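A.B. asks: What shape does this take:
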Amino acid sequence: MNIGLVLSGGGVRGAAHIGVIKALEENGIFPTHVSGTSSGAIVGALYAYGYDWENMFKFFRDTQLLDFKKYALGKPGIIDTEKFYPQFRNYIKEDDFSVLQKSLIITATDILQGNLKIFSEGELIKPILASAAFPGVFAPVKIENSLYIDGGVLNNFPVDVLKPNCDIIIGSYVNDFEAITIKDLKHSHNVVERAFKLKSVKEDYRKFNTCDIIIAPKALSKYGTFDKKYLRAIFEIGYNATMEAFKNDSSFKLKFTNN
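C.D. replies: Below is the predicted model:
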């Protein structure tokens, strides 16, 4: 049976995806196909490469996202996304989709043509970086003759790209939101993040019913896109939400045994 796992974007809230994966595997569920956008692309690539949840979490913990030493000189952004390449290469030794242990699809946005780009073969690290290049903060990534930014601009929850090849789809969604106060908008990136969410969330919600199982913890809404100090709590929310789904929904495991 082909089991698809869809991982949404959501900045550091992507650590919740790692908790979801840990809980799935503890319950004997091992996805064969993965799609991801932004932080979901990062988790998806590390998972497809063969890393366990502990090493994926270590990557998130050790990677400084808002590293202003990586200033984007002469590029349209504050931070040069491509300067993260060496950190990814330390984890992904062979920079090619062909070495992955699971089928992986990454989405990014071609900012020149205005199209969604689907990456599933060839070089791996640049598409990951492009998919996670949050607009206005991280500079676009050049791949061949175009520039690419965050896949969440056009498809933050890429369920559709897995549908043709999977018997069952699990969605892990970490980009939920609630009403906020003026005090929550302290920095310019908070405003950009909020605007980004308002556009994507309603589109993403419509895709929930195309998943066989959806994990979308409301508790994640209080954490910011770049707020790393709560990384462990975010991870635990993903893990606990998935374990609760197994505990409270008797049909959860049945969905897998009946396919």
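A.B. asks: show me where this protein has helices.
C.D. replies: Under the criterion DSSP state H, helices of the chain are mapped to 15-26, 39-49, 53-62, 85-91, 125-131, 188-205, 231-248, 251-257.
A.B. asks: which helices and strands sit right next to the third one?
C.D. replies: By that I understand helix 53-62. Contacts defined by 3 or more C-beta pairs under 8 Å, 6 or more residues apart in numbering; DSSP states H and E place helix 53-62 against helix 15-26, helix 39-49, helix 231-248. Where you see a C-beta, it was placed from the backbone N, CA and C, and this is true even at glycine.
A.B. asks: Look up how far Lys218 lies from Lys228.
C.D. replies: 21 Å (C-beta to C-beta, to the nearest Å).
A.B. asks: Of the two, give the one with the bigger neighbour count.
C.D. replies: Each of Lys228 and Lys218 has its neighbours counted (other C-beta atoms under 10 Å); Lys228 has more, 17 against 11.
A.B. asks: can you redo the helices and strands packed on helix 53-62 as CSV with distance to Cys211, mean pLDDT and mean neighbour count?
C.D. replies: Formatted as CSV, the helices and strands packed on helix 53-62 follow (distance: least, C-beta to C-beta, whole Å; pLDDT from 0 to 100; neighbours: other C-beta atoms under 10 Å):
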stretch, distance to Cys211, mean pLDDT, mean neighbour count
helix 15-26, 13, 97, 25
helix 39-49, 14, 97, 28
helix 231-248, 12, 93, 18
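A.B. asks: Of all those, which one comes closest to Asn145?
C.D. replies: helix 39-49 (21.4 Å; C-beta to C-beta).
A.B. asks: follow-up on the earlier one: so which of the helices of the chain comes closest to Val161?
C.D. replies: Of these, nearest to Val161 by C-beta to C-beta is helix 39-49, at 11.5 Å.
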